[in-house]
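Colleague: Quick one: sequence plus predicted model below, questions after.
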Amino acid sequence: MATRIDTVEGRNRLKPRKATYWHTVRKGCQLGFRRMSADAPGTWLAQAYDTSTFKQTRRSLGDFSDVAPGERFEAARKAAEKWFAHLDKGGSLEVVTVKVACEQYVTYVRAQSVLARSPADKQKILRNATDLEGRYRRWVNGAPLGAIELQKLQRTQLESWTLTLAGTAVLIDPYAPQPRTRPRARSTINRDMTALRAALNRAHDVGLVTSDLAWKEALKPLDNANGRRNVYINSKQRAALVAAIPSADIAAFVRAMTLLPLRPGALAALTVENFDARRGALRVSLDKVGSGREFQLPTETANFLKKQSKGKSPGTPLFARADGKAWNKDAWKGPVKDAVAAANRAAEVAHDESSALPTNVTAYTLRHSVITDLVDADVNALTIAFLSGTSVAMIEKHYFQPGNRTASALQHLVL
């Protein structure tokens, strides 16, 4: 008896059974249909003959119940052809979801730490793996996207995920009586997309999926996401901020940020052994960029660091909290905000508007401000990039504004 699975009428005539009814798509490739009971929609399968192992390989394609009965054969055939093409390109037989691909990427990144050139580089790699793991946990693992098989991943699904990412507001002061929210920064959205793109690219590299078309455009970075940090406070305002801090531990940490163009995290990671008091030199071991760099300090800054390191053992934080622990974002965020409010109250009492601070000053504002002052002091971009642990290109892009320096440049031409 002839059996046909390419028409609804043909499938309805098939006797329900455990065995699969097969339809040849091309030599060595077949599309199958199996229905265990008369009232079930049935399941579609793909089967390919592997000439290297002389074995048949099968893959379940699903029931396509979301497709009209008359269109299910064609939908199943296209899914099968996609899988056949994947195998033809050397693709893996392993069925992996987006969530699993992300987990595998975290494992891969962590494994790279054994190849690190220094302990500092090893810690940097491990911190990156932990950061990736956190981003996947927040945005992929519990999302519908996480359950999608890589070979079935579509651009529209990633675009939908990106819109959800952009539309999720950031909670401000979660412990406040009336928490507030703000839109997510484009740079933050880019970092989350970059994390997912890295995991998918790795899956593509190892053959779990043979095409990157689904995410090549959908996960492209957003434009204008890394604009210049426009909040700037001058030296008088920075001094007022430090003076308004009642606690010696956070005051020392904030003052250090006014003396060094380091990221707050890099400053917090400094230990006593990073500072050579005899030579007046500082070595930055842990940083986003430029870890392991060392530079000489002016006398005033060196004396300040000597005071901070006095009586401390080499491995302890150079700038520690009152309990001896190193600073972190959660620990310094509140005190800096309180200090801004206190400085503004003091400025109001003294009727000194020049000491008042913008209410959105953060620890990173200090880094931006001191880098800006270095630029205005005509320090060359290479030196600023080295001190701050970033690239010359980033310094030139965000801080050197030619339009603001034309008058001083043209002054050299005056006869």
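Modeller: Received the coordinates, thanks.
Colleague: which SSE is residue 46 in?
Modeller: strand 43-50 (DSSP states H and E).
Colleague: Remind me what that strand packs against, helices and strands.
Modeller: strand 29-34, strand 55-62, helix 72-88 (3 or more CB pairs under 8 Å, 6 or more residues apart in numbering; DSSP states H and E). Yep, even glycine has a C-beta here, placed from its N, CA and C like the rest.
Colleague: Residue 168: which of these is closest?
Modeller: strand 55-62 (30.0 Å; CB to CB).
Colleague: Skipping adjacent residues, who's closest to residue 246 in space?
Modeller: residue 342 (7.7 Å; CB to CB, 6 or more residues apart in numbering).
Colleague: my guess is that neighbour is in a helix, correct?
Modeller: Yes. Assigned with DSSP: H, G, I helix; E, B strand; the rest coil, residue 342 falls within a helix.
Colleague: Spit out the contact partners of it.
Modeller: Shown in contact with residue 342 (CB atoms under 8 Å, 6 or more residues apart in numbering): 244, 245, 246.
Colleague: Could you export those as CSV, including secondary structure and distance to residue 279?
Modeller: Formatted as CSV, the contacts of residue 342 follow (DSSP: H, G, I helix; E, B strand; the rest coil; distance: CB to CB, whole Å):
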residue, secondary structure, distance to residue 279
244, coil, 34
245, coil, 30
246, coil, 34
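Colleague: so what's the spatially most central residue of the chain closest to, chain neighbours aside?
Modeller: Computing the C-alpha centroid of the chain and ranking residues by CA atoms, centre = their mean puts residue 191 first, at 3.4 Å. Nearest residue to residue 191, sequence neighbours excluded (CB to CB, 6+ apart): residue 135, at 7.4 Å.
Colleague: For the one you found, pull up the helix or strand it's in.
Modeller: Going by DSSP H and E, residue 135 is in helix 119-139.
Colleague: by contact count, what packs against that helix?
Modeller: helix 98-111, helix 186-205.
Colleague: hmm, back to that, which residues touch the strand holding residue 46?
Modeller: 20, 22, 28-35, 55-64, 72, 76, 79-80, 83-84, 87.
Colleague: Repeat that for stretch 260-276.
Modeller: 253, 256-257, 281-288, 301, 305-306, 309, 312-319, 326-329, 332, 363-364, 366-367, 370-371, 374, 384, 387-389.
Colleague: same deal with stretch 21-37?
Modeller: Against stretch 21-37 from outside (CB under 8 Å, 6+ apart): 3-6, 11, 14, 16-20, 41-49, 51, 58, 73, 76-77, 80-81, 84.
Colleague: how much distance is there from it to the middle of the chain?
Modeller: 43 Å (CA atoms, centre = their mean, to the nearest Å).
Colleague: In the helix or strand containing residue 252, which residues are buried?
Modeller: Secondary structure assignment for residue 252, by DSSP H and E: helix 248-259. Going by neighbour count (16 or more other CB atoms under 10 Å), the buried part of helix 248-259 is 249, 250, 251, 252, 253, 254, 255, 256, 257, 258, 259.
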